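# coords please:
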Amino acid sequence: MIKGYKKIIDETLVSYFDEILENKTHIFAKKTIEAMKYTTCLGGKRLRGILCLESCRLASNDYFAAIPAACALEMLHAQSLIHDDLPSMDNDDLRRGKPSNHKVFGEAFAILAGDALISLGAQIIADKTSKAIPSERILKAIREYLLAAGIYGIVGGQTADLEAEDSTLNLRDNEDYLNYIQTYKTGALFEASTASGAIIGGASSEKVRTLKEFAKNFGLAFQMADDILDVISTSKEMGKTTGKDEFENKLTYVKKYGLEGAKQKLILQIQATYDILKKDNIESGVFDEIIEQISKRIF
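The predicted model follows:
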């Protein structure tokens, strides 16, 4: 089912951008649109979109209505990658095994592409979601998307990540600070993915909260694994430059706990993620598989 979800997301994203590019009204904005499409359609695991579709299916026994939201969340993820790779941020020339957006289109167009993807995602949810879905649900889904996009989500986490590089602030021994970075820089988008899919599917408020809690814990596990892989993996395997966290003195789980300590934290975090599903009787082969994929990459 994961492969099926990914195929639908990939194909729909291409169709959305082709539709925009074919609109001659915006021919003079073509370079920015192409930059938007470049990173969004480079591929990737599509975990955010998959979480969105599966959450909708769990709520309604169907996922079709959440396809626009799933694609929007992948656009937002692409935006975060474009801006994260900029020289003023994490300064990476490689993304998904290809040159980063600013290396292809230049920094100015990369910034514009990232900015435009944020608003396009919200527009996609509003315009492309089936009119059979009550407008109240669509608005709530857009709210989850926008929360993840801003200071209460990715921007807040990125801010804390940049601040942690300043050794004069003495933040590096603060576990709460580390968890804040990862909860918002990484986890907020996972939470928005499960929440928006569940909301569109008509889930109860309680089920939405449960799925967000699952996503929050999954996000922490995902980031712990990413920190570990930055040390033990290669750039070819990761599709991005490895070893940069240590080189740039980033506050990571490996930096704080050491490699073996981070692995032990990951084991506990994976179990906590499984426990949420078990406690609330959420049966999803898709969720089980994406958690298992994290474990397989490390152990």
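
# Low-confidence stretches in the stretch 101-250 of the chain?
Within the stretch 101-250 of the chain, the stretches with pLDDT under 70 are 167-173, 236-238, 240, 247-248.

# Quick check: closest non-adjacent residue to residue 127.
Take residue 127 and drop its neighbours on the chain: the residue closest to it by C-beta to C-beta, 6 or more residues apart in numbering is residue 68, 7.8 Å away. Heads up, the C-betas are built off the backbone N, CA and C, glycines and all.

# For residue 161, see how far away the one you found is.
Counting by C-beta to C-beta, to the nearest Å, the gap from residue 68 to residue 161 is 30 Å.

# The two: who's more crowded?
residue 68 (26 against 22; other C-beta atoms under 10 Å).

# wait, isn't that one in contact with residue 133?
No: taking C-beta atoms under 8 Å as the definition, residue 68 is not a contact partner of residue 133, at 9.8 Å.

# check contacts around residue 230.
238, 242, 243, 244, 245, 246, 252, 254 (C-beta atoms under 8 Å, 6 or more residues apart in numbering).

# Mind jotting down where the strands sit in the chain?
Using DSSP state E, the strands of the chain run over 94-95, 98-99.

# for those, which one sits closest to residue 227?
Closest of the strands of the chain to residue 227 is strand 94-95, at 17.7 Å (criterion: C-beta to C-beta).

# Given that closest one, what are its sheet partners and their directions?
When pairing is defined by DSSP bridges, strand 94-95 lines up against strand 98-99 (antiparallel).

# Mean confidence (pLDDT) on the strand it pairs with, please.
In this model, strand 98-99 has a mean pLDDT of 95.

# so where do the helices sit in the stretch 151-299 of the chain?
154-163, 175-182, 188-200, 205-232, 235-238, 244-247, 253-279, 285-298 (DSSP state H, counting those that start in this stretch).

# Which stretch among those is buried most, on average?
helix 188-200 (a mean of 29; mean count of other C-beta atoms under 10 Å).

# Which secondary structure elements does it sit against?
For helix 188-200, the packing partners by 3 or more C-beta pairs under 8 Å, 6 or more residues apart in numbering; DSSP states H and E come out as helix 47-60, helix 67-84, helix 135-149, helix 154-163, helix 205-232.

# how far is the longest one from where the chain is centred?
To tie it back to what came earlier, the one meant is helix 205-232. 10 Å (C-alpha atoms, centre = their mean, to the nearest Å).

# Next: stretch 256-264.
That offset, for stretch 256-264, works out to 24 Å (C-alpha atoms, centre = their mean).

# How about residues contacting that stretch?
Applying C-beta under 8 Å, 6+ apart, the contact partners of stretch 256-264 are 172-173, 175, 178, 224, 227-228, 231-232, 252-254, 265, 298-299.
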